[in-house]
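Novice: Make a model of this:
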Amino acid sequence: MAEEESKEDFEKIEFTPEGESLGYISLEQARLLAMQTARDDPGNYGRRFSGSRMVFDVAEQEDGEDYYIVTLSFRPEGDFAGTTGQEQFFIEKEGAVAHRQVLSLPSAAGGKRLPIVPIGIGLVVVIIIAVVGVAFAVLSSSSEEPSAEVAAPTNTLLPPQAATQGPTATAVRFAPTPTRALAVIVQPTPTSAPTPTSVIVRRVQAPTPTSTSIPLVRLRITPVPTAVPRILVPLVRTPTPTPTPARLQIVPNVGPRPVQFTTQDGITLSGQLFNGGGELAVILSHAFPTDQRSWTAFARRLAEDHDYVVLTFDFRGYGESGGDTIIPDIDRDVRAALRFARERGAERVVLIGASMGGTASLRVAATETVEGVVAISALEGFRGLTMGERTIRWPVLLLAEAGDLSAARSFKEMLDSGLLGGSRSLTTILYPQGDSHGTDIFLGPNGPDARRKILELLAVDAGG
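Specialist: Here you go, the predicted structure:
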């Protein structure tokens, strides 16, 4: 129903023959445009959902300075129990979709179900053991009840002496009879009698009796006070440990944990730290016009599966970072992120960036000491941001898809510039198929190979 209404409202937007809207569109119209685009041209939702029809709904919408940002939630049609996926659209005020990115894919519930059958079997076993234990206790207690053939109390009864302390020693006196045995029977006194519990000592007939006259023997229990030993424990004073500065690699705690750091020109940037506990740190810089959330899935994978310390952050004017959106200055933000990692103990750092984040990473790598740099769909120049004029000495990995025309064109320009000629190891991969830009490359058919190439570079750097 919601999709039918949005389709009707979308048809009210007037467009030119070239596909542009007439004048500026409203945020509501941008929302409808995102819904219609998602239905007519589904995004790259991976092999699992390839060919599946999706149901879309608006999760978030924002009126930015240059773009409307609309985030849609989506799930497969029909019965679906689980977490919906999210796709983000950046729509120009004139009505054109500038960029779209898949933030997450739907996740069906029950991916990690509890082992109900083993748990049920375990509970049954525990109950059976408990029942057997109770039955055994009842049978044991019944076997200890006094015999019905116990003689009535006579003058041979010996009531226990009152004592404030428990007995610790027992004295038994009787005439030795080698062929006789002793039996001690404890008989509870009837409730009507005022006397306490009596103890009767009787001789039991042995297999080969030698006498018919058997005297009774008295059993006397004498309480003996026990001295309580005194134990002296020496007091040991432990010196208070001196706190050490927190380092990124000390305690693995993937997180992410929100962090903030400041650029040299005073802009406060917002980031997320994924602490895998390893010695190598990786800084991920986002593309235009997205934010650091486009790196979240990849960052978590690097930290959890490969123990890297990973930092994502928003460029100035993006996400939760302060300042204005000034693209020619974003290399200062990468330098601030690098300084933040160094101050917290990271001695070896690799820079990875997508689109303008890749360009900024290449520019910083030309003047800073890093272990390597990876640029995905990077542009040689973008809105005043350039690679600079310094030669990069560190290992470089360039990735792009041929269908991403601007990135493919910049591929050749960067190689022709000679700025990468001084690299210790230069790897360039232009996939002949696909047109994904930035981190969207991970969602397409080239995603597994792209991730593998990045991990190979990181493994070499992590190994020294």
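Novice: how about the strands of the stretch 301-450 of the chain, start to end?
Specialist: Counting by DSSP state E, counting those that start in this stretch, the segments of the stretch 301-450 of the chain that form strands are 309-313, 348-354, 372-376, 381-382, 385-386, 396-401, 426-431.
Novice: Give me the sheet partners of the longest one and which way each runs.
Specialist: Spelled out, it's strand 348-354. Counting by DSSP bridges, the strands paired with strand 348-354 are strand 280-285 (parallel), strand 372-376 (parallel).
Novice: Turn the ones you listed into JSON lines, columns for distance to Phe90 and mean pLDDT.
Specialist: C-beta: built from backbone N, CA, C; applies to glycine. Conversion of the strands paired with strand 348-354 to JSON lines gives the following (distance: least, C-beta to C-beta, whole Å; pLDDT from 0 to 100):
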{"stretch": "strand 280-285", "distance to Phe90": "18", "mean pLDDT": "97"}
{"stretch": "strand 372-376", "distance to Phe90": "18", "mean pLDDT": "96"}
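Novice: Now the phi/psi pair for the residue nearest to Leu362 when sequence neighbours are not counted, please.
Specialist: Leaving out its chain neighbours, the residue that sits closest to Leu362 by C-beta to C-beta, 6 or more residues apart in numbering is Met387, at 5.0 Å. When read as degrees, to the nearest 10, the backbone of Met387 gives phi -70, psi -20.
Novice: and Met387, how many residues sit next to it?
Specialist: 26 (other C-beta atoms under 10 Å).
Novice: can you tell me which residues contact it?
Specialist: 359, 362-363, 366, 380-381, 414, 417, 419 (C-beta atoms under 8 Å, 6 or more residues apart in numbering).
Novice: Output those in TSV; the columns should cover distance to Asp307, neighbour count and pLDDT.
Specialist: Listed next are the contacts of Met387 as TSV, based on distance: C-beta to C-beta, whole Å; neighbours: other C-beta atoms under 10 Å; pLDDT from 0 to 100:
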residue	distance to Asp307	neighbour count	pLDDT
Thr359	29	32	95
Leu362	26	29	95
Arg363	29	25	94
Ala366	29	21	92
Glu380	34	21	86
Gly381	36	12	88
Met414	32	22	86
Ser417	36	14	82
Leu419	32	21	80
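Novice: who wins for proximity to Phe315 among the strands paired with strand 348-354?
Specialist: When the strands paired with strand 348-354 are compared by C-beta to C-beta, strand 280-285 sits nearest Phe315, at 7.4 Å.
Novice: my guess is Phe261 meets Gly271, correct?
Specialist: Yes: judged on C-beta atoms under 8 Å, Phe261 makes contact with Gly271 at a distance of 6.8 Å.
Novice: Find the residues that touch each one of these two.
Specialist: Counting by C-beta under 8 Å, 6+ apart, the residues touching both Phe261 and Gly271 are 313, 337, 340.
Novice: tell me the pLDDT at the last one?
Specialist: Looking at Phe340, its pLDDT is 97.
Novice: distance of it from Asp333?
Specialist: The spacing between Phe340 and Asp333, counted by C-beta to C-beta, to the nearest Å, is 10 Å.
Novice: So the two - more neighbours on which side?
Specialist: Asp333 (28 against 23).
Novice: Report the contact partners of the more buried one.
Specialist: 263, 267, 269, 285, 313, 315-316, 321, 360.
Novice: of all those, which comes closest to Ala96?
Specialist: Phe315 (22.5 Å).
Novice: burial of that closest one, as a residue count?
Specialist: Neighbours of Phe315 (other C-beta under 10 Å): 30.
Novice: Just the local confidence number for the closest residue in space to it that isn't next to it in sequence, please.
Specialist: Nearest residue to Phe315, sequence neighbours excluded (C-beta to C-beta, 6+ apart): Ile330, at 4.7 Å. Among the per-residue scores, Ile330 shows a pLDDT of 96.
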